[in-house]
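Engineer: any chance you can model this:
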Amino acid sequence: MDKNLIGTNAGVVWRTMAGRYCWTFQELKEQIELSDAELWTAIGWLARENQIEFDNSGEEERIYLNQSYF
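Structural biologist: Okay, the predicted model is just below:
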């Protein structure tokens, strides 16, 4: 996989997430047509840049944009 493509996909994920407060992986996958590997690497990119947060307290893990970026 190409690092530039991962960055591009991370941008797509970030812009999609900006339209709603929280997401599950499956909700993002349905909204954005990326493979599991492409989506997870994009999420990893955003996590490494501290742009997203994770909540594991419920049945499904939820992904949130880090509110300090707004």
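Engineer: which stretches of the protein have low pLDDT?
Structural biologist: For the chain, residues meeting the criterion pLDDT under 70 lie at 68-70.
Engineer: now do the SS call for the residue nearest the centre of it.
Structural biologist: In the chain, the residue lying closest to the centroid (Cα atoms, centre = their mean) is I43, at 4.0 Å. What DSSP: H, G, I helix; E, B strand; the rest coil gives for I43 is helix.
Engineer: give me the contact list for the longest helix seen in the chain.
Structural biologist: The longest helix of the chain (DSSP state H) is helix 3-17. For helix 3-17, the external contacting residues (Cβ atoms under 8 Å, 6 or more residues apart in numbering) are 23, 28, 31-32, 34, 38-39, 41-43, 45-46, 49, 51-52, 63-65. No exception for glycine: its C-beta is placed from N, CA and C like everyone else's.
Engineer: what pairs with the helix or strand just after it, parallel or antiparallel?
Structural biologist: Next along the chain after helix 3-17, taking DSSP states H and E as the criterion, comes strand 22-23. Here strand 22-23 is paired, per DSSP bridges, with strand 62-65 (antiparallel).
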